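Q: Got a predicted model here, sequence first, then my questions.
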Amino acid sequence: MRSLKILVPLFFGLACTTSSTSDGGDNTPADGGASSGNQSSSGSTSRQSSSGSTSRQSSSGSTSRQSSSGSTSGLASSGQNSSNASSGLGSSSSLPNTPPEVSSTLPANLAVNVWTGQRVTATFNKAMNAATLTPQSFTLMQGVTPVTGTVSYDAVTNTAAFIPMAALMPSLQYTATITTAAQAAAGLALAQARVWTFTTHAGVSTSPVNLGTAGNYAILAQTQISTVPPSAITGNIAVSPAAATFITGFSLTLDGTGTFSTSPQITGRAYAADYTSPTPSNLTTAIGDMGIAFTDAAGRPPDVTELGAGNIGGMTLAPGVYRWGTGLLIPADVQLNGGANDVWIFEIAQDLTVANGVNVSLAGGALPRNVFWQVSGLIQLGTTVHMEGIMLSQTAITLGTGATVNGRLLAQSAVSLDSSTVTAPTP
């Protein structure tokens, strides 16, 4: 009995020692005995704990700290793995960078009725190396025929764009490809090429806006035409219902018939509402036709809306009807690329502003008589700007010093020139 009484406190002491060693909060039940207590502190199995080395690791407290850090029992039972666990092996910060991916495309894969002037874009899930996004790594094909174009990259949105040099053909399938030559900014390439297809719409032709008798004039305004000389106008100019005194800066000379005037700055004639009949009647009709043409242009259904969020600088535009619910800014050169029968109509709800020195040009045989700028606000062309097309303004048109226009200026209020050149297109 005395021996039993001595052993009981000794066993109780060992149990307490085991409990205090397991400071990691491990709730695994013990199988009994000292070995089980040491296993509990490390999270390893009872068979592993039966070794003397495991017991010594447990008693040192290092294994308990590893267990409390969330290490698995397998890691805690090995000194080498335990060290790896405590150093953070397997954390996301030490994993190698993943390859970039294309998260979305425009047009979407298998899209139909795609506009023939559509840019083809791909948005990536991470920043890309712009130097690796080229017409060789980002291609567009129609069957086996490559489409000629340029590639740009927007670092803000991680979006690459393939910009065709000419409008796509209607009712055809196109295939876009981004190859594994495209690399992320960190240097990793796409894991595999991204390929998608789309089909263009049937390509219903847009007809030109009918100017009526307003098309007889290079410049037509209701309130005033003024110039800071010398300007050079090829075509007729006219004001109505304003009188001839509201044509200023041209040094007009009234013809003997009293129906028109001439000027050294005009290769053509100048007309005003107070000249001899039939001039007043003709001008009333022309002003009416100008308003009808404005309404016609404004009412054409658009192919594209809000292109560039109101900024089309640097773009090449295919034929079609474009609409903006705001003003339109052109801060850099723009090219209109299409054939002799193609038509462009730009519907602008507010002002059209073209920055100094900008060149809006035509390519592919496009003609200025088929380009229409319908503007509900002011048309403001900066100094030395070159512009193509018919300008229909609900308010005024102002040309900066040295600006040139191949087209017509048709304003429902005033036109102001400053050593400007306006050349009416051939019918």
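A: Structure's in. What do you need? Note that this is a predicted model, so its numbers are computed, not measured.
Q: Run a quick neighbour tally on residue 333.
A: 16 (other C-beta atoms under 10 Å). Glycine gets a C-beta too; all of them are placed from N, C-alpha and C.
Q: Measure how buried residue 131 is and give me the count.
A: 9.
Q: Repeat that for residue 154.
A: Neighbours of residue 154 using other C-beta under 10 Å come to 13.
Q: does it have beta-bridge partners, and which?
A: For residue 154, the beta-bridge partners are residue 159 (DSSP bridges).
Q: Is residue 185 in contact with residue 124, as I believe?
A: No. Counting by C-beta atoms under 8 Å, residue 185 stays clear of residue 124, with 10.0 Å between them.
Q: Would you mind telling me which of those two has more residues around it?
A: Neighbour totals were compared for residue 185 and residue 124, and residue 124 leads with 22 against 14 (other C-beta under 10 Å).
Q: Report the separation between that one and residue 110.
A: 21 Å (C-beta to C-beta, to the nearest Å).
Q: the domain parsing of the chain - what is it?
A: Using automatic domain parsing, the domains assigned to the chain come out as 2-94, 102-200, 267-423.
Q: Now do the longest one: distance from first to last residue.
A: When the termini of domain 267-423 are compared using C-alpha to C-alpha, to the nearest Å, they are 9 Å apart.
Q: Next up, the contacts around residue 140.
A: Residue 140 makes contact with 120, 146-147, 149, 162, 164, 174-177, according to C-beta atoms under 8 Å, 6 or more residues apart in numbering.
Q: I meant residue 308, not that one.
A: residue 315.
Q: Name the SS class of it, please.
A: helix (DSSP: H, G, I helix; E, B strand; the rest coil).
Q: which regions of the stretch 51-200 of the chain sit below the pLDDT cut-off?
A: Flagging of the stretch 51-200 of the chain using pLDDT under 70 yields the residue ranges 51-96.
Q: ranges for the helices of it?
A: 52-60, 62-68, 73-76, 79-86 (DSSP state H, counting those that start in this stretch).
Q: cool, and the stretch 251-400 of the chain?
A: 279-298.
Q: quick one: low-confidence parts of it?
A: Using pLDDT under 70, the stretch 251-400 of the chain has no residue that qualifies.
Q: beta partners for the residue nearest to residue 361 when sequence neighbours are not counted?
A: In space, residue 361 comes closest to residue 335 once its chain neighbours are excluded; the distance is 5.3 Å by C-beta to C-beta, 6 or more residues apart in numbering. Taking DSSP bridges as the rule, residue 335 bridges to residue 316, residue 361.
Q: Report how many residues lie close to residue 335.
A: So residue 335, with other C-beta under 10 Å, has 17 neighbours.
Q: In this structure it contacts residue 362, no?
A: Yes. Under the criterion of C-beta under 8 Å, residue 335 makes contact with residue 362 at 7.5 Å.
Q: roughly how far apart are residue 127 and residue 99?
A: Distance from residue 127 to residue 99, by C-beta to C-beta: 13 Å.
Q: shared neighbours of these two, anything?
A: residue 184.
Q: Show me what residue 324 is bridged to.
A: Beta-bridge partners of residue 324, as defined by DSSP bridges: residue 348.
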